[in-house]
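In: structural data only, the sequence is not supplied:
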């Protein structure tokens, strides 16, 4: 029992190190040469929603519309 448990633990560690190596792989350009990886892109800004004086959704450019 102890032998099979230690074997399963060793297998789990080996598999986790393989996936970590793939995640840290360097970037390549179109020709296959190694390059410095670009920084991750920032999250896109959320579009603002506006409401008119009656509380209904309206385009933000219309007169009397205020951002929510």
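Out: Yes, it's here. Model, not experiment: these values are computed from the prediction.

In: after the lowest-mean-pLDDT helix or strand in the chain, next one along is what?
Out: Ranking every helix and strand in the chain by mean pLDDT, DSSP states H and E puts helix 2-23 at the bottom, with a mean of 58. Moving toward the C-terminus from helix 2-23, the first helix or strand encountered (DSSP states H and E) is strand 27-28.

In: and the residue nearest to residue 49 when sequence neighbours are not counted, how far from residue 53?
Out: If the residues on either side of it in the chain are set aside, residue 49 comes closest to residue 68, at 5.0 Å by Cβ to Cβ, 6 or more residues apart in numbering. Just so you know, the C-beta spots here come from the backbone N, C-alpha and C atoms, and that holds for glycine as well. Here the criterion is Cβ to Cβ, to the nearest Å. By it, residue 68 lies 13 Å from residue 53.

In: now swap in residue 45 and tell me
Out: 26 Å.

In: so between these two, which is more surrounded?
Out: Under the criterion of other Cβ atoms under 10 Å, the comparison of residue 45 against residue 53 puts residue 53 first, with 10 against 6.

In: please identify which helix or strand holds the spatially closest residue to the more buried one that is not a sequence neighbour.
Out: Here the nearest residue to residue 53 in space, its sequence neighbours aside, is residue 64; by Cβ to Cβ, 6+ apart that works out to 5.2 Å. Residue 64 is part of no helix or strand, with elements assigned from DSSP H and E.

In: surely residue 64 and residue 55 touch.
Out: No. With contact defined as Cβ atoms under 8 Å, residue 64 does not reach residue 55; the gap is 11.6 Å.

In: which residues touch stretch 45-53?
Out: By Cβ atoms under 8 Å, 6 or more residues apart in numbering, the list of residues contacting stretch 45-53 from outside reads 57, 58, 59, 60, 62, 64, 65, 66, 67, 68.

In: please repeat the previous calculation with a cut-off of 6 Å.
Out: Contacts of stretch 45-53 from elsewhere in the structure, counted by Cβ atoms under 6 Å, 6 or more residues apart in numbering, are 57, 58, 60, 64, 65, 67, 68.

In: nice, that's everything, thank you.
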